[in-house]
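Trainee: Make a model of this:
(2 chains)
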Amino acid sequence: MASAAVEYRSVNKVYGDFVAVHNLDLSILQREFLVLLGPSGCGKSTILKLLAGIEDPTAGEIFVNGNLVNYLLPRDRNVAMVFQNYALYPHMSVAENIAYPLKARKWAARDRTSVRDKVLQAAKLVEISDQLGKLPEALSGGQRQRVALARALVRDPEVFAMDEPLSNLDAQLRDTMRQHLIALHRRVGKATIYVTHDQHEAMTMADRVVVLKDGVVQQIGTPAEVYNAPTNTFVAGFVGHPRMNFVPGISLGGRSVRVGKLDLQSSCGTGPEGEPVMVGLRPTDAKFEASLNCIRGTVSASEFTGADTIVTLSTGLSEDLRFRLIDSSSCDLGQPAAFSYAAEHVHVFDKGGQRM
Amino acid sequence: MWRLARRKRNAVSLKPTLPMVTMSYGVLMLAAVISIVPFLYILSTSVKDTNSLFSYPPEWIPDELFWGNYAKLLQETSFLNWTLNTFMIGLAITVLKLVIDAMAAYSLAKLQFAGKRFVSATLLLAVAIPVAALIIPLFFLVRSMGLLNTYWALILPALANPLGIFLLRSFIVSLPDDLIHSARLDGAGELRIFAQIILPLISSGLVVHAIFTFMLQYTNFLWPLVAIQSDSRQVLTVGISSLKSNFVVDWGLISAASLLATIPITLLFLALQRFFLAQSLSSALKG
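Mentor: Next comes the predicted model:
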């Protein structure tokens, strides 16, 4: 069996009293696109910096292609990193920026032609061949990001580490660059660790997603697994837009829960009868019809987003619930409405917030 | 329409009015006159002979220009030698200080090492000590090293002034850490990062530091007076002051020397002022 491209074994990172990464065990497979997803301060960038050698772990071991890299300098780890702010050298032209990793490794002294060829090749790959003579300040955000990518590509690293590379771009450009990155990853075929706080980016790009909170891994899985079967209320609430509705309830035993005066059927067990539980209902899973697991109420708000409408329903429960409607023509403010859920879409969590 | 007119009347006018402009120009002209009058007086004195120096009423432009002061200065004194010494010492100090201060500033700004806070605090303390308080201990130190009356007596103590480290540190601190991280990942060592990434990005700071250091050495009087006794190793400031004997003061000669001494430093400032101004403006506009 081929070794993992990157492996973290019981890695911890502590700054004074603050635990940035807690007991991380994680393997990134060869050719995999792995996304670290979490809110600000959850330790996702630190995990990347530990791999790159910018930070040293307080405890634990990190392996790249089976080799322990804890004691190697950043340049000897063969990890290329793309930074959020691009980190281009502002006094060097685009070509010089791309060539810098080769020159710093004294390639230029060995073979100037080969350096030029590699720079041209990398520039062509990210489609900036016509910008090689310009300084970074003369480029747009998207072009700068491409230069940063070319600089990472040029030395043919074993692993790519990307720290929120698209977060400084506007929404439209981010969309384009996301597609470009996915295509580039397929073409280059190297293991990539990508950090983001944008769940849309994570869901659309990742082979696997790692959801983090306070330096602790909450769940590792494919985007579909993380979305459809979140392991706890944090993951359930963080992944998915609009955010999942949470309502407190009581287990009726078997696969049933009671929420207010309403009994709901779930496809999973709900624990011992009488136990308090938290029920999660995704706005996107609701069907606008009165059938199984039907929730009735009055429409109190309606937000038209273009492709769909987010309807807020007053149900008499502790909190108003939100539902997504593709067609909102039959759902007017102040009017009664009913939504229903299939049993597999009724998520039940125990009082500790863990999935049952 | 009426509402629009009222809004226009209430709007704050950003265009300066004529009295404001006149007053600004008046104040600036007064400042310019105050600055330039001593210089013109020195110029006038340097081209007068001893008799016309004290004529009454004083005349700004003498009837006949007297160049004897300049001839005497260049032929009978070591003025050229003093100038050469001043330039050599100033240049040596400037170059050495730029290298040392930039390296120290980089390590204090971007590197992590044990005792970093202690080093910073000690340097800050050294800035706070007045130069006059250091003269006597410095004299004994330099004498014990056998360096009195040598160029090193002027060069070495000047290198220990840490002010430049703080100046350059403020430039380096403002550079994003990711630039340095990126260079390390790209394969560059610390020396290469310092030379190829840091130094080019703080070039305006280096120019400012170089100008300040050179000007400080150029006008330094007290320490060269104490440390150098030989006329052949003397610098301009002390050399010019030595033209004044106990009994006779040749104001024409001293004025000629002072005027000639200001020319090189003025030319240097003019040549580098675009860096200087660019830096001042950029600091003014920083968000």
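Trainee: what pLDDT, on average, does the longest helix seen in chain B get?
Mentor: Using DSSP state H, we find that the single longest helix of chain B is helix B:251-285. For helix B:251-285, the mean pLDDT works out to 79.
Trainee: go on, stretch A:335-346?
Mentor: For stretch A:335-346, the per-residue pLDDT averages 90.
Trainee: Next: stretch A:83-90.
Mentor: On average, stretch A:83-90 scores 93.
Trainee: All the helices of the stretch 101-250 of chain B, residue numbers only.
Mentor: B:116-128, B:131-144, B:151-159, B:163-173, B:177-186, B:190-192, B:199-201, B:203-218, B:222-227, B:236-241 (DSSP state H, counting those that start in this stretch).
Trainee: ok so, going back, relative to the whole chain's centre, how far out is the longest helix of chain B?
Mentor: Remark: helix B:251-285 is offset 8 Å from the chain centroid, using C-alpha atoms, centre = their mean, to the nearest Å.
Trainee: ok, now stretch A:81-94?
Mentor: With C-alpha atoms, centre = their mean, you get 23 Å for stretch A:81-94.
Trainee: burial of residue B:137, as a residue count?
Mentor: Per other C-beta atoms under 10 Å in any protein chain shown, the neighbour tally for residue B:137 reads 9. (Each C-beta comes from the backbone N, C-alpha and C, glycine too.)
Trainee: Residue A:307: which element?
Mentor: Residue A:307 is part of no helix or strand, with elements assigned from DSSP states H and E.
Trainee: Quick check, residue A:340 in contact with residue A:289.
Mentor: Yes. With contact defined as C-beta atoms under 8 Å, residue A:340 counts as touching residue A:289 (5.7 Å).
Trainee: between the two, which one's more packed in?
Mentor: More crowded of residue A:340 and residue A:289, by other C-beta under 10 Å: residue A:340, with 18 against 10.
Trainee: Spell out which parts of the stretch 101-250 of chain B neighbour chain A.
Mentor: Counting by C-beta under 8 Å from any C-beta of the partner chain, the stretch 101-250 of chain B comes close to chain A at B:176, B:178-179, B:181-188, B:192, B:197, B:200-201.
Trainee: For those residues, which entry has the maximal number of neighbours?
Mentor: residue B:182 (31 neighbours).
Trainee: got the contact list for it?
Mentor: A:81, A:83, A:87, A:151 (C-beta atoms under 8 Å, 6 or more residues apart in numbering or on different chains).
Trainee: ok, and which of those residues reach chain B?
Mentor: Among the contacts of residue B:182, chain B is touched by A:81, A:83, A:87, A:151 when using C-beta under 8 Å from any C-beta.
Trainee: count of residues packed around the first one?
Mentor: Counted with other C-beta under 10 Å, residues neighbouring residue A:81 total 30.
Trainee: Give me the distance between it and residue A:157.
Mentor: As judged by C-beta to C-beta, to the nearest Å, residue A:81 and residue A:157 stand 9 Å apart.
Trainee: Over to the last one?
Mentor: Spatial separation of residue A:151 from residue A:157 under the definition C-beta to C-beta is 11 Å.
Trainee: who touches both of residue A:81 and residue A:157?
Mentor: Joint contacts of residue A:81 and residue A:157 (C-beta under 8 Å, 6+ apart) do not exist.
Trainee: Now do the same contact list for the nearest residue to residue B:105 once chain neighbours are set aside.
Mentor: Here the nearest residue to residue B:105 in space, its sequence neighbours aside, is residue B:168; by C-beta to C-beta, 6 or more residues apart in numbering or on different chains that works out to 3.7 Å. Counting by C-beta under 8 Å, 6+ apart, residue B:168 makes contact with B:101, B:102, B:105, B:106, B:202, B:205, B:206, B:209.
Trainee: isn't the last one right up against residue B:100?
Mentor: Think residue B:209. No. In this structure, residue B:209 is not within contact of residue B:100 by C-beta under 8 Å, at 11.2 Å.
Trainee: Could you check which of the two has the larger neighbour count?
Mentor: Using other C-beta under 10 Å as the criterion, residue B:209 and residue B:100 rank with residue B:209 on top: 23 against 15.
Trainee: what's the nearest residue to the more buried one if we skip its chain neighbours?
Mentor: In space, residue B:209 is closest to residue B:164, 5.0 Å off (C-beta to C-beta, 6+ apart).
Trainee: cool, and residue A:295?
Mentor: The nearest residue in space to residue A:295 (C-beta to C-beta, 6+ apart) is residue A:339, at 5.1 Å.
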